[in-house]
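>>> Please find the sequence and the predicted model below.
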Amino acid sequence: MRLITFMVKIYEFKGRQDLYKKQSPEILEKMQEVARIQSAESSNRIEGIEVSNKKLKEIMDQKNTPQDRSEAEISGYRDVLSTIHASARHIPIKPQTILQLHRDMYKYLPQPGGIWKSTDNSIEEILPDGSIRVRFQPVKPYLVPHAVEDLCLKFNNYRSKEEADDFLLIFCFILDFLCIHPFPDGNGRMSRLLTLLLLYQAGFEVGRFISPERIIEQSKETYYEALYQSSQGWHEGKHDPIPWLEYSMGVILAAYKEFEERVNITENQRGTKTAIIKDIIMRSMGDFTIQDIEQACPTVSRPTIYRALEALKNEGLVDCIVSGRHARWKKNDV
């Protein structure tokens, strides 16, 4: 029942998607720029790959040559993300395509991408006592080519015959991809890129304007738990995809809600930019960062945000609770 509720709401949001694209092109262009950066940042940070904000901006603007592994990883992700944003409808879902996208993701690294794994890659976790537990044992290397071929064939067959809802089909595909775990490295990032690709092909374009990867990063523990629950019994065909489907649809629903909220805030607010920022802060729950305000109102520049926060601080409406590079603010009860 929860799945049906999610799907109904998402399709309602999708129905309004084109209207916003026609009415607010300038706002959406700025939102797209922010989402692209957040997607590359969050999807890589989930896997422990990080760079400074300054370096991230340079990488996304293609203003530098990667100097270390983290920069190379993010640069490759940026390129594949750009390919998907530009050409999603023309990218076929087949093993050769998946290999090519993985190869492109690794093109700045010394080791080649675009090669199926040759050794087992068990998914493990370290327990509090230091022992290691295998959470899931993916498909054996020698079975990977056939498994991916079969996955793509079945997906394309169901999609062409319209025998399953797009959302169910897409996220079941991603679950199977993660259970196959076809590459020696980069499977998580590839799964998130493939998610965007399949969503765009089905007409769900919210990922262009709101980063689903950021929402996944913010709920990382739930993400891994849903994946764990739905992968149990997968090899025997006795797994339950519902936890994974509910989580994944919840992410897309959250993205659509945020999308409309941001567009409406920017369109409907007729006061000064300080008033826009004040409105965003008054709506917020808990503490917040400069980046949170930028995400909520992409048309306002960072210097303007700083000036507005200083003015609101002087009015006693906000306080800085953590200073420095990772500053955090909170609104005061008035």
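Good, I have the coordinates. None of the values given here were measured: they were computed from a predicted structure. Numbers count the residues shown, from 1 in each chain.
>>> how about the helices in the stretch 1-150 of the chain?
Using DSSP state H, counting those that start in this stretch, the helices of the stretch 1-150 of the chain run over residues 2-23, 25-45, 53-60, 69-87, 95-105, 144-161.
>>> Out of those helices, flag the one nearest residue 206.
In this view, these are compared for proximity to residue 206 by C-beta to C-beta, and helix 2-23 is the closest at 7.1 Å. Where you see a C-beta, it was placed from the backbone N, CA and C, and this is true even at glycine.
>>> Okay, buried residues for the worst-scoring helix or strand of the chain on mean pLDDT please.
For the chain, using mean pLDDT, DSSP states H and E, the weakest element among its helices and strands is helix 273-283, scoring a mean of 73. Judged by neighbour count (16 or more other C-beta atoms under 10 Å), helix 273-283 contains these buried residues: 273, 274, 276, 277, 278, 279, 280, 281.
>>> go on, stretch 77-85?
Taking 16+ other C-beta under 10 Å as the neighbour-count basis, stretch 77-85 is seen to contain the buried residues 77, 78, 79, 80, 81, 83, 84, 85.
>>> How about stretch 90-99?
Residues of stretch 90-99 classed as buried by neighbour count (16+ other C-beta under 10 Å): 91, 93, 95, 98, 99.
>>> Name all residues that make contact with the fourth one.
Read it as residue 98. For residue 98, the set of contacting residues under the criterion of C-beta atoms under 8 Å, 6 or more residues apart in numbering consists of 148, 152, 182, 190, 194.
>>> roughly how far out does stretch 27-43 sit from the chain middle?
A distance of 10 Å separates the C-alpha centroid of stretch 27-43 from that of its chain, computed with C-alpha atoms, centre = their mean, to the nearest Å.
>>> what's next to it, contact-wise?
Outside stretch 27-43, the residues within contact range by C-beta under 8 Å, 6+ apart are 20-21, 56-57, 59-60, 74, 77-78, 81-82, 85, 188-189, 192-193, 196, 207-214, 216-217, 259, 262-263, 266-267, 294-295, 298-299.
>>> Only whichever of those are buried, select them in PyMOL.
The PyMOL selection below is limited to those of these classed as buried (16+ other C-beta under 10 Å):
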select buried, resi 20+56+59+60+74+77+78+81+85+188+189+192+193+196+207+208+209+210+211+212+213+214+216+217+259+262+263+266+294+295+298+299
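>>> pLDDT of stretch 163-180, averaged?
Taken as a whole, stretch 163-180 has an average pLDDT of 94.
>>> what sits up against it?
Under the contact criterion C-beta under 8 Å, 6+ apart, stretch 163-180 has outside partners 7, 10, 136, 138-139, 144, 147-148, 151, 155, 158-159, 187-188, 190-191, 194-195, 198-199, 202-204, 227, 230-231, 234-235, 241, 244-245, 248-249, 252.
>>> Could you rerun that using 7 Å?
Contacts with stretch 163-180, where a contact means C-beta atoms under 7 Å, 6 or more residues apart in numbering, come from 7, 10, 138-139, 144, 147-148, 151, 155, 158-159, 187, 191, 194-195, 198-199, 202, 227, 230-231, 234, 241, 244-245, 248-249.
>>> At the geometric centre of this structure, which residue sits there?
Within the chain, the residue whose C-alpha comes closest to the C-alpha centroid is residue 213; the distance, by C-alpha atoms, centre = their mean, is 1.7 Å.
>>> Which strands or helices does the helix or strand where that residue lies pack on?
For residue 213, the host element (DSSP states H and E) is helix 212-218. Contact analysis of helix 212-218 by 3 or more C-beta pairs under 7 Å, 6 or more residues apart in numbering; DSSP states H and E lists helix 25-45, helix 242-268 as its packing neighbours.
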